[in-house]
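Peer 1: this one's structure only:
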(Lines give C-alpha, C1' and ligand atoms only; values in the text may rest on other atoms or scores of the structure.)
Protein backbone atom coordinates (compact mmCIF):
# COMPACT_ATOMS: atom_id res chain seq x y z
CA UNK A 1 0.00 0.00 0.00
CA UNK A 2 1.27 3.46 -0.87
CA UNK A 3 2.38 5.73 1.89
CA UNK A 4 0.98 9.23 2.22
CA UNK A 5 4.05 10.69 0.53
CA UNK A 6 3.93 8.15 -2.32
CA UNK A 7 0.32 9.13 -2.99
CA UNK A 8 1.37 12.79 -2.92
CA UNK A 9 4.18 12.23 -5.40
CA UNK A 10 1.87 10.38 -7.79
CA UNK A 11 -0.69 13.20 -7.55
CA UNK A 12 1.96 15.78 -8.42
CA UNK A 13 3.14 13.68 -11.38
CA UNK A 14 -0.41 13.34 -12.71
CA UNK A 15 -1.08 17.08 -12.31
CA UNK A 16 2.17 18.06 -14.03
CA UNK A 17 1.19 15.83 -16.94
CA UNK A 18 -2.31 17.39 -17.07
CA UNK A 19 -3.77 14.01 -16.12
CA UNK A 20 -5.96 15.25 -13.29
CA UNK A 21 -8.83 12.93 -14.18
CA UNK A 22 -6.46 9.96 -14.10
CA UNK A 23 -5.32 11.14 -10.65
CA UNK A 24 -8.93 11.03 -9.46
CA UNK A 25 -9.53 7.55 -10.90
CA UNK A 26 -6.29 6.16 -9.53
CA UNK A 27 -5.70 7.87 -6.21
CA UNK A 28 -9.09 8.92 -4.83
CA UNK A 29 -11.31 6.91 -2.48
CA UNK A 30 -14.93 6.30 -3.55
CA UNK A 31 -16.21 8.42 -0.64
CA UNK A 32 -13.68 11.27 -1.03
CA UNK A 33 -14.72 14.68 0.29
CA UNK A 34 -13.68 17.82 -1.62
CA UNK A 35 -13.95 21.24 0.04
CA UNK A 36 -13.54 24.65 -1.60
CA UNK A 37 -13.20 27.93 0.32
CA UNK A 38 -16.57 29.21 -0.88
CA UNK A 39 -19.62 27.80 -2.55
CA UNK A 40 -20.45 29.07 -6.04
CA UNK A 41 -23.88 29.62 -7.59
CA UNK A 42 -23.83 26.19 -9.24
CA UNK A 43 -21.42 24.40 -6.91
CA UNK A 44 -21.51 23.75 -3.17
CA UNK A 45 -18.25 24.31 -1.24
CA UNK A 46 -18.36 20.72 0.01
CA UNK A 47 -18.79 17.76 -2.32
CA UNK A 48 -18.85 14.08 -1.50
CA UNK A 49 -18.00 11.10 -3.64
CA UNK A 50 -15.56 10.37 -6.43
CA UNK A 51 -18.19 11.04 -9.11
CA UNK A 52 -18.78 14.59 -7.85
CA UNK A 53 -15.03 15.22 -7.78
CA UNK A 54 -14.61 13.80 -11.28
CA UNK A 55 -17.39 16.10 -12.52
CA UNK A 56 -15.81 19.12 -10.83
CA UNK A 57 -12.52 18.35 -12.60
CA UNK A 58 -14.31 17.86 -15.93
CA UNK A 59 -16.16 21.15 -15.43
CA UNK A 60 -12.83 22.90 -14.76
CA UNK A 61 -11.18 21.59 -17.90
CA UNK A 62 -14.25 22.17 -20.09
CA UNK A 63 -14.75 25.74 -18.88
CA UNK A 64 -11.19 27.03 -18.81
CA UNK A 65 -8.48 27.42 -21.41
CA UNK A 66 -5.28 26.33 -19.67
CA UNK A 67 -2.29 28.49 -20.64
CA UNK A 68 0.12 27.03 -18.15
CA UNK A 69 0.68 26.20 -14.55
CA UNK A 70 2.97 24.77 -11.97
CA UNK A 71 2.60 22.05 -9.36
CA UNK A 72 4.97 21.95 -6.38
CA UNK A 73 5.33 19.57 -3.47
CA UNK A 74 4.18 17.31 -1.94
CA UNK A 75 5.04 18.22 1.63
CA UNK A 76 3.81 15.55 4.05
CA UNK A 77 2.82 15.48 7.72
CA UNK A 78 1.48 12.18 9.04
CA UNK A 79 -1.50 11.11 6.94
CA UNK A 80 -1.76 14.49 5.18
CA UNK A 81 0.21 16.31 2.52
CA UNK A 82 0.15 19.75 0.89
CA UNK A 83 0.58 20.57 -2.81
CA UNK A 84 1.01 24.10 -4.17
CA UNK A 85 -0.48 25.06 -7.54
CA UNK A 86 -0.01 28.03 -9.84
CA UNK A 87 -2.63 28.36 -12.53
CA UNK A 88 -2.87 30.54 -15.63
CA UNK A 89 -6.25 30.18 -17.33
CA UNK A 90 -8.92 32.00 -19.27
CA UNK A 91 -12.53 31.25 -18.33
CA UNK A 92 -14.66 30.14 -21.30
CA UNK A 93 -18.03 30.77 -19.64
CA UNK A 94 -19.68 32.49 -16.70
CA UNK A 95 -19.14 35.99 -15.29
CA UNK A 96 -15.35 35.73 -15.81
CA UNK A 97 -15.60 34.59 -19.45
CA UNK A 98 -12.70 35.82 -21.59
CA UNK A 99 -10.71 37.00 -18.58
CA UNK A 100 -7.22 35.58 -18.19
CA UNK A 101 -6.39 34.85 -14.56
CA UNK A 102 -3.21 33.91 -12.73
CA UNK A 103 -3.76 32.43 -9.30
CA UNK A 104 -2.12 30.33 -6.65
CA UNK A 105 -3.61 27.83 -4.27
CA UNK A 106 -2.68 24.99 -1.97
CA UNK A 107 -4.40 21.63 -1.66
CA UNK A 108 -4.38 19.89 1.72
CA UNK A 109 -4.96 16.17 1.18
CA UNK A 110 -5.76 13.45 3.70
CA UNK A 111 -4.83 9.83 2.90
CA UNK A 112 -6.36 6.70 4.40
CA UNK A 113 -5.52 3.14 3.34
CA UNK A 114 -3.44 4.49 0.45
CA UNK A 115 -6.24 6.62 -1.06
CA UNK A 116 -7.11 10.31 -0.87
CA UNK A 117 -10.20 10.62 1.34
CA UNK A 118 -10.25 14.42 1.58
CA UNK A 119 -8.99 17.41 -0.38
CA UNK A 120 -9.32 20.97 0.90
CA UNK A 121 -8.31 23.95 -1.20
CA UNK A 122 -6.76 27.10 0.26
CA UNK A 123 -6.80 30.35 -1.72
CA UNK A 124 -7.49 34.04 -1.39
CA UNK A 125 -10.33 35.41 -3.50
CA UNK A 126 -9.27 38.92 -2.51
CA UNK A 127 -12.48 39.32 -0.50
CA UNK B 1 -10.29 41.53 15.65
CA UNK B 2 -8.11 40.32 12.82
CA UNK B 3 -9.53 37.85 10.35
CA UNK B 4 -7.71 34.63 9.57
CA UNK B 5 -6.26 36.13 6.40
CA UNK B 6 -5.16 39.31 8.17
CA UNK B 7 -3.28 37.20 10.72
CA UNK B 8 -1.71 35.24 7.85
CA UNK B 9 -0.59 38.39 6.05
CA UNK B 10 1.00 39.77 9.23
CA UNK B 11 2.80 36.45 9.82
CA UNK B 12 4.22 36.53 6.28
CA UNK B 13 5.36 40.16 6.75
CA UNK B 14 7.11 39.31 10.03
CA UNK B 15 8.82 36.26 8.51
CA UNK B 16 9.99 38.19 5.45
CA UNK B 17 11.53 40.77 7.79
CA UNK B 18 13.20 38.03 9.86
CA UNK B 19 11.04 39.03 12.83
CA UNK B 20 9.82 35.54 13.69
CA UNK B 21 10.02 36.14 17.43
CA UNK B 22 7.91 39.27 17.06
CA UNK B 23 5.40 37.20 15.11
CA UNK B 24 5.17 34.79 18.05
CA UNK B 25 4.73 37.59 20.60
CA UNK B 26 2.16 39.42 18.52
CA UNK B 27 0.13 36.77 16.74
CA UNK B 28 0.27 33.60 18.86
CA UNK B 29 -2.19 32.54 21.55
CA UNK B 30 -0.78 31.68 25.00
CA UNK B 31 -1.83 28.05 24.63
CA UNK B 32 -0.64 27.63 21.00
CA UNK B 33 0.21 24.09 19.87
CA UNK B 34 3.16 23.56 17.50
CA UNK B 35 3.57 20.25 15.68
CA UNK B 36 6.57 19.07 13.65
CA UNK B 37 6.55 16.00 11.38
CA UNK B 38 8.98 14.09 13.61
CA UNK B 39 10.34 14.40 17.10
CA UNK B 40 14.07 15.03 17.45
CA UNK B 41 16.41 13.80 20.19
CA UNK B 42 16.03 17.00 22.17
CA UNK B 43 12.65 18.14 20.89
CA UNK B 44 9.23 16.49 20.93
CA UNK B 45 7.16 16.71 17.73
CA UNK B 46 4.34 18.39 19.64
CA UNK B 47 4.89 21.41 21.87
CA UNK B 48 2.34 23.39 23.81
CA UNK B 49 2.43 26.98 24.96
CA UNK B 50 3.82 30.22 23.62
CA UNK B 51 6.99 29.92 25.72
CA UNK B 52 7.88 26.56 24.15
CA UNK B 53 7.29 27.98 20.67
CA UNK B 54 9.36 31.06 21.46
CA UNK B 55 12.21 28.80 22.66
CA UNK B 56 11.97 26.65 19.52
CA UNK B 57 12.30 29.79 17.39
CA UNK B 58 15.23 31.03 19.49
CA UNK B 59 16.92 27.62 19.18
CA UNK B 60 16.48 27.77 15.41
CA UNK B 61 18.06 31.21 15.03
CA UNK B 62 20.86 30.46 17.51
CA UNK B 63 21.77 27.16 15.87
CA UNK B 64 21.56 28.07 12.19
CA UNK B 65 23.28 30.58 10.00
CA UNK B 66 20.56 31.98 7.74
CA UNK B 67 21.78 32.57 4.17
CA UNK B 68 18.41 33.40 2.70
CA UNK B 69 14.88 32.27 2.34
CA UNK B 70 11.49 32.97 0.92
CA UNK B 71 8.03 33.19 2.44
CA UNK B 72 4.97 32.82 0.22
CA UNK B 73 1.27 33.00 0.93
CA UNK B 74 -0.88 33.10 2.94
CA UNK B 75 -3.61 30.99 1.36
CA UNK B 76 -6.69 30.83 3.60
CA UNK B 77 -9.54 28.38 4.07
CA UNK B 78 -12.01 29.19 6.86
CA UNK B 79 -10.13 29.54 10.14
CA UNK B 80 -6.89 28.12 8.69
CA UNK B 81 -4.22 29.36 6.33
CA UNK B 82 -1.10 27.90 4.68
CA UNK B 83 2.28 29.59 4.25
CA UNK B 84 5.11 28.18 2.11
CA UNK B 85 8.74 28.61 3.18
CA UNK B 86 12.04 28.12 1.40
CA UNK B 87 15.05 28.04 3.68
CA UNK B 88 18.80 28.17 3.01
CA UNK B 89 20.79 27.64 6.21
CA UNK B 90 23.94 26.13 7.65
CA UNK B 91 23.61 24.31 10.97
CA UNK B 92 25.99 25.57 13.64
CA UNK B 93 25.70 22.54 15.96
CA UNK B 94 24.52 18.96 16.08
CA UNK B 95 24.97 16.14 13.56
CA UNK B 96 24.41 18.50 10.60
CA UNK B 97 26.91 21.13 11.80
CA UNK B 98 28.65 22.92 8.94
CA UNK B 99 26.29 21.51 6.34
CA UNK B 100 24.46 24.02 4.15
CA UNK B 101 20.87 22.93 3.49
CA UNK B 102 18.16 24.16 1.17
CA UNK B 103 14.69 23.00 2.08
CA UNK B 104 11.04 23.77 1.58
CA UNK B 105 8.13 23.39 3.94
CA UNK B 106 4.58 24.51 4.48
CA UNK B 107 3.01 25.72 7.69
CA UNK B 108 -0.69 25.06 8.28
CA UNK B 109 -2.00 27.56 10.84
CA UNK B 110 -5.29 27.60 12.74
CA UNK B 111 -6.66 30.92 14.01
CA UNK B 112 -9.12 31.43 16.83
CA UNK B 113 -10.25 34.82 18.18
CA UNK B 114 -7.64 36.54 16.01
CA UNK B 115 -4.67 34.53 17.34
CA UNK B 116 -2.77 31.51 16.03
CA UNK B 117 -3.73 28.54 18.21
CA UNK B 118 -2.01 25.83 16.16
CA UNK B 119 0.84 25.54 13.68
CA UNK B 120 1.65 22.28 11.89
CA UNK B 121 4.68 21.94 9.64
CA UNK B 122 4.70 19.83 6.48
CA UNK B 123 8.01 18.71 4.94
CA UNK B 124 9.77 15.71 3.48
CA UNK B 125 12.85 14.52 5.32
CA UNK B 126 13.56 12.18 2.42
CA UNK B 127 12.70 9.21 4.64
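Peer 2: Nice, thanks for sending it over. The model shown is predicted, which means the values in this text are computed figures rather than measured ones. Numbering: from 1, shown residues only, chains lettered A, B, ... in the order given.

Peer 1: Isn't residue A:57 up against residue A:21?
Peer 2: Yes. Residue A:57 is in contact with residue A:21 according to Cβ atoms under 8 Å; the separation is 5.6 Å. Quick note: C-beta positions are derived from backbone N, CA and C, even for glycine.

Peer 1: So the residue nearest the centre of chain A, which state does it fall into?
Peer 2: By Cα atoms, centre = their mean, chain A has its centre lying nearest to residue A:107, at 6.5 Å. Per DSSP: H, G, I helix; E, B strand; the rest coil, the secondary structure class of residue A:107 is strand.

Peer 1: In the sheet, which residues pair with it? Tell me.
Peer 2: Taking DSSP bridges, one obtains residue A:83, residue A:121 as the residues bridged to residue A:107.

Peer 1: Spit out the contact partners of it.
Peer 2: Counting by Cβ atoms under 8 Å, 6 or more residues apart in numbering or on different chains, residue A:107 touches A:82, A:83, A:85, A:119, A:120, A:121, A:122.

Peer 1: Likewise for residue A:23?
Peer 2: Residue A:23 makes contact with A:10, A:11, A:14, A:15, according to Cβ under 8 Å, 6+ apart.

Peer 1: try residue A:83
Peer 2: Residue A:83 neighbours (Cβ under 8 Å, 6+ apart): A:8, A:11, A:12, A:15, A:71, A:72, A:73, A:74, A:75, A:106, A:107, A:109.

Peer 1: mind listing which of these are in strands?
Peer 2: A:71, A:72, A:73, A:74, A:75, A:106, A:107, A:109 (DSSP state E).

Peer 1: Against residue B:110, how distant is residue A:9?
Peer 2: 26 Å (Cβ to Cβ, to the nearest Å).

Peer 1: no, scratch that, I was asking about residue A:76
Peer 2: 18 Å.

Peer 1: Same question for residue A:69.
Peer 2: For residue A:69 relative to residue B:110 (Cβ to Cβ), the value is 28 Å.

Peer 1: Then residue A:118?
Peer 2: Distance of residue A:118 to residue B:110, computed by Cβ to Cβ: 16 Å.

Peer 1: burial count for the closest residue to residue A:47 other than its chain neighbours?
Peer 2: The shortest distance from residue A:47 to any non-neighbouring residue, by Cβ to Cβ, 6 or more residues apart in numbering or on different chains, is to residue A:34 (4.7 Å). Neighbourhood size, residue A:34 [other Cβ atoms under 10 Å in any protein chain shown]: 23.

Peer 1: so when I look at residue A:34, I'm seeing a strand, right?
Peer 2: Yes. Using three-state DSSP, the secondary structure at residue A:34 is a strand.

Peer 1: got a list of what it touches?
Peer 2: Contact analysis of residue A:34 by Cβ under 8 Å, 6+ apart lists A:46, A:47, A:48, A:52, A:53, A:56, A:118, A:119, A:120.
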